[in-house]
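Peer 1: Make a model of this:
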Amino acid sequence: MGLSKKKRPSALVLESQLALNRYVCACFGFETTQDLLAEFKDLRDETPGDAWHPVLNCIAERAGITLDPSTLRQYGVNIRAHSEQLRIGAGHLRNWKPHQYIALLLAEFYLHCWFEDTDELCRKLNLFKNVGGSIRHLPDYATGDLATLAFQSATGSGKTLIMHAHLLQYRHYAQQYGRTIDNIYLVTPDADMSMQHLRELRQSRIAAGLFRKDASTGFAGLQPVQIIDIHKLGDQTKDVVVDVRELGTRNLVLVDEGHLGKAGTEAVTRQRRGKLAADGFTLEYSATFNQIVEKEELLSHYSKCLLFDYSYRHFYRDGYGKDHSVANLAAGLQDANQRAYQVGAMLAFYQQTKVYEQLGRNWADYNITRPLWVMLGHTVTTAMGKLSVKGRTDIIEIIRFLHWVLDRREEVEARIAAVLSGDAGLLADTGGDWFAERLRWLKSQALTPVEMYDDLCQKLFHGVGSLHVVYLTQGQGELHLKSSENGEVFGVINVGAPAEVHKLLKEGNAGIDAYTHREAGFAERLFGNVDAPDSPVNILIGARKFIAGWNSWRVSTMTLLNVGVSQGPQIIQMFGRGVRLKGLGFSLKRHKQLDTPPPEHSPELGLLETLNIFGLRADYMKKFKEMLGKEQIGSDMELLQIPVKSQLPGDIRLPMLRTKSGAAFEIDGNSVKLSLANYRRSVKLDLYSKMQTVGGGEEASEELDKRHCRFDDHIALFDKSRIYRSLLAFKQRQKMHNLELDAGFVDKLIGNNDWYELLAPPAAVRLRSMADVRTQENRFIDLACKLIEANWKNGVWNWEKANKEIEELQPGNASLIKEYTVAVESEFLKVSEGRQADWRTLVDDIDDLCEKMEPHKLASLGLEILTPSRHAYVPVIYRHDNSPVTVKPLPLNKGEKQTVEQLTALIGKPPITDFELYLLRNVSRSGTGFYGKDAYYPDFICWLIGKDETHMIFLDPKGLVHGDNQAKIELHKSIKDIEQHLDRPEMRLHSYILSVSEDVQANDEEGVYRLEANGNALKQVLEDVLSK
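Peer 2: Now for the predicted structure:
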């Protein structure tokens, strides 16, 4: 029975009602996807030496996870096997981003549960839902509901590769559990999208083809993927349409952007897709599920089946994709100011093009592509294949503007001068000239309007001249734009009715006296190759077909006419086409969101990492901005660069610790001989902590008396050959080439129970079937791999300790950052005068700040600018937890701020009156690290420089409640081995953990001091340093 309207939630918001997503996240120890993403968004990529993916390592140590560790490890093994087929991961050109790996891990868990016991999964979901607050109102799950999974992933986030991996995951479990399906169908919005999927499936080495009605079904072995666009599925067979009932019901159905079909047909197409998988399984993908849940029926459906939510706002806030700048010509000004506004848009694109040509060679590592200007109009073709009235108007208007630019030189030069001088009357919402700041670099080039016009025509149109339009009749046809009859093509018009556009122009009915030509031969179509390095195309003109079936890394400026009236999903799709970015090392991230020093000309690089959007219909652009707001995508970002200033005296020579240049354990290290002794602390499997109940109720607070178990009852049934093969595969996967491993080692493991610790309740190790034997065998393998890994790490660490050396801190050191980038959404500042005032203070005082370096507290922004007197550079920035402002490189957290303040307060006081203190924040990943590939980077390096001795102190404020911190704690002792190998009598090395959590461990471990509620923690540390 449905709930009454009174009991329904007041707001139909998908994100707050993701029942399936919440359940699965809880099984991994998280409350929501947002918590998951926040935990792993800055995680490093997988490397060839990683035993497990970094995401998997972090999850395995998390409190609250309900999964057996050996099961979690098996998920990792499965995902790695699928990744190898797709050529993704360590050792390949591409790596899974954290959000992609999470999407695979959640699917792995769900498919395992679904194939293992659908009824039990249904029971657990309903139990969880019915105590779940905002999701209790949802209808109970039925087992039939569980055969559909949905994934929301932003355009540009790698959604297609995730789909390919999910296909392999489903196949794996179907084979493992002996389930068969008749066919695999991939349903797309249109024919263009079908062709794109065909290309990408083949690139992933997955057999695929376009659907044919006369093809056979029920393939033996691994079925190929049959790709069909949604309009070819019908209720009866005719022409190219096939009756969906003829395709059977036991199919795996992949659906990409299923709601992007013809308006008003979504319910019918969903019903047809459902019939295809009535006795099979459906995997559905979209960037915009949250834009289509206006109806409560759809909200309920996707609330219950959406497993992973990575909509555009998460994608953007994690640093992926381009920044964006949205402009809009206000209502009533379209006639008077339209030409100036269009010239401003053209100058913004010209600025990007000129920056790329002058400076692009400096950013080769950032994979920046040549800018492309995309102009989009309303849907151009009608149902009859004719040119729509609005479509005709939009396309002709764009052509008319380009004709005017080439034909009316003096008028254009006058508009250029007006826009650059701020006299064009184009005001921003805040009152200033909209283009003034955005064209600052272009104005700095000091070109006259005449010079700028000549240069602009050369760079954008391949020369000064007149507009020539060439119609290519071959194939689907397209229109080429040139500035002379024999000139190079600068623009392409790709619409559904190119012949009609050509006819309008040729017959003079468009009011444009451009030259028109007809090419009936085999001239090259250029639309499909705009991403090619040698493509001459700078401008692309089209309509809605750009939304699906087309990808480009080049889009940097968009002009929109009549786009976004009613279809929110299409707006976000179109927006996603423009914000795609390759980034440094194919990170997909903006350079200011990376934890690496910014390159030379960083502000100019930012211009190429920004998508400019210009609207020419105020009412439509209002709708466009509303849809972006619904997606919680902010408007323009206010950016500020804060330069840093060195505080180190010119004569100071601070020592830095590093691994000897060119040395590597894999090449120079000795062979690692495996030992069963001394590693028990590292080789531990605790099944108690993984068996908490998900779904509500209070957790038991008493400490369990955990039972120590052995494999004695199972070992006789273990397959020793399988164990040895698994260990060999582990060694090879981890590139442990100088590890000695033979079959005899397995016998040693089986004959000795002292090398591991297994904590488990009796039920977890009870034998009921051969499946239980395999489970225990997998746990044995898991422990054996941990033992091998512990031996290997010990070998690496012993080698590293003997191969450290001292070098002087150089100006180019990665830890000596050059500047901070502070960013905040413009809309946030508009909310209150206090925020605007604090931001203006920051902007206005930036020069004074750099000169005087005085501290600032900007309460409404959640920022503090600190100027500690002995830090290597100033300022350092502290960001409050709830601050809406982003700061790169990462700002200080609370514990780090306390460390800086306590050390600064000790300068010139006991116990260091005879020493000069210096401090440096150690940059993660590129600073000073320990433990080889697992690289531990303490947060700070502190020096005490005395007359006859120098103390180098590594300080790390951190929590100790979660995670395996033992190696970090033990560095307090083992760093003394490095000190001995250095053979520098005056040099003393120290390492300390400053605990910021209320934990017992801080009281018991040597080298650990409690920072919280202890204003003397750093004084105690320094006293300990000088006592040794």
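
Peer 1: List of residues touching stretch 1015-1028?
Peer 2: 899, 902-903, 906, 911-912, 944, 951, 953, 955, 988, 990, 992, 994, 1009-1011 (Cβ atoms under 8 Å, 6 or more residues apart in numbering). Where you see a C-beta, it was placed from the backbone N, CA and C, and this is true even at glycine.

Peer 1: How about stretch 719-734?
Peer 2: When contacts are taken as Cβ under 8 Å, 6+ apart, the neighbours of stretch 719-734 outside the stretch itself are 48-51, 80, 739, 741, 743, 745-747, 749-750, 777, 780-781, 784-785, 788-789, 792.

Peer 1: Settle this for me: R179 is touching F115, isn't it.
Peer 2: Yes. Using Cβ atoms under 8 Å, R179 is in contact with F115, at 6.9 Å.

Peer 1: Between the two, which has more neighbouring residues?
Peer 2: Set R179 next to F115 and count neighbours by other Cβ atoms under 10 Å: F115 wins out with 18 against 13.

Peer 1: Next, count neighbours for W434.
Peer 2: Other residues close to W434 by other Cβ under 10 Å number 21.

Peer 1: So it is in contact with G425, correct?
Peer 2: No. The pair formed by W434 and G425 falls short of the contact definition of Cβ under 8 Å, at 10.1 Å.

Peer 1: so who does the nearest residue to H82 once chain neighbours are set aside touch?
Peer 2: The shortest distance from H82 to any non-neighbouring residue, by Cβ to Cβ, 6 or more residues apart in numbering, is to L168 (4.1 Å). Residues counted as contacts of L168 (Cβ under 8 Å, 6+ apart) are 82, 85-86, 206.

Peer 1: could you flag which of these are buried?
Peer 2: Members of the contacts of L168 that pass the buried threshold by neighbour count (16 or more other Cβ atoms under 10 Å) are listed as 82, 86, 206.

Peer 1: can you list the residues you listed in JSON lines and add pLDDT and secondary structure?
Peer 2: What follows is the buried ones among the contacts of L168, written out as JSON lines (pLDDT from 0 to 100; DSSP: H, G, I helix; E, B strand; the rest coil):
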{"residue": "H82", "pLDDT": "94", "secondary structure": "helix"}
{"residue": "L86", "pLDDT": "94", "secondary structure": "helix"}
{"residue": "I206", "pLDDT": "95", "secondary structure": "coil"}
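
Peer 1: now, which of the residues you listed sits nearest M656?
Peer 2: Ranking those by separation from M656, with Cβ to Cβ as the measure, puts L86 on top at 40.4 Å.

Peer 1: if I look at P868, how far off is N922?
Peer 2: Separation of P868 from N922 (Cβ to Cβ, to the nearest Å): 15 Å.

Peer 1: no no, F315
Peer 2: Taking Cβ to Cβ as the measure, F315 falls 30 Å from N922.

Peer 1: Ok, Q734 next?
Peer 2: Summarising the geometry, the distance separating Q734 from N922, computed by Cβ to Cβ, is 27 Å.

Peer 1: cool, and R879?
Peer 2: From R879 over to N922 the distance is 18 Å, taken as Cβ to Cβ.

Peer 1: Kindly report the domain assignment for the protein.
Peer 2: Partitioning the chain according to automatic domain parsing yields domains covering residues 339-585, 665-691+707-804, 819-1026.

Peer 1: Dump the one helix or strand W404 maps to to CSV, restricted to CA.
Peer 2: Using DSSP states H and E, W404 falls within helix 389-407. Backbone C-alpha positions of helix 389-407 (Å, rounded to 0.1, in the frame of the first residue of the first chain) are rendered in CSV as follows:
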residue,chain,number,x,y,z
VAL,A,389,12.4,27.2,-37.6
LYS,A,390,14.5,27.9,-34.4
GLY,A,391,17.3,25.7,-35.7
ARG,A,392,17.4,27.6,-39.0
THR,A,393,17.4,30.9,-37.1
ASP,A,394,20.2,29.8,-34.7
ILE,A,395,22.6,28.4,-37.3
ILE,A,396,22.1,31.3,-39.7
GLU,A,397,22.7,33.8,-36.9
ILE,A,398,26.0,32.1,-36.1
ILE,A,399,27.0,32.2,-39.8
ARG,A,400,25.9,35.8,-40.0
PHE,A,401,28.2,36.8,-37.1
LEU,A,402,31.2,35.1,-38.7
HIS,A,403,30.5,36.7,-42.0
TRP,A,404,30.3,40.1,-40.3
VAL,A,405,33.7,39.6,-38.6
LEU,A,406,35.4,38.9,-41.9
ASP,A,407,33.4,41.4,-43.9
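
Peer 1: got the buried residues for the helix or strand just after that helix?
Peer 2: Secondary structure here is assigned by DSSP H and E; on that basis, the next helix or strand after helix 389-407 toward the C-terminus is helix 409-421. By neighbour count, and taking 16+ other Cβ under 10 Å as the criterion, the buried residues in helix 409-421 are 412-413, 415-420.

Peer 1: If we ignore the residues flanking it in sequence, what's nearest K645?
Peer 2: Once flanking residues are discounted, K645 sits nearest to V874: 5.8 Å by Cβ to Cβ, 6+ apart.
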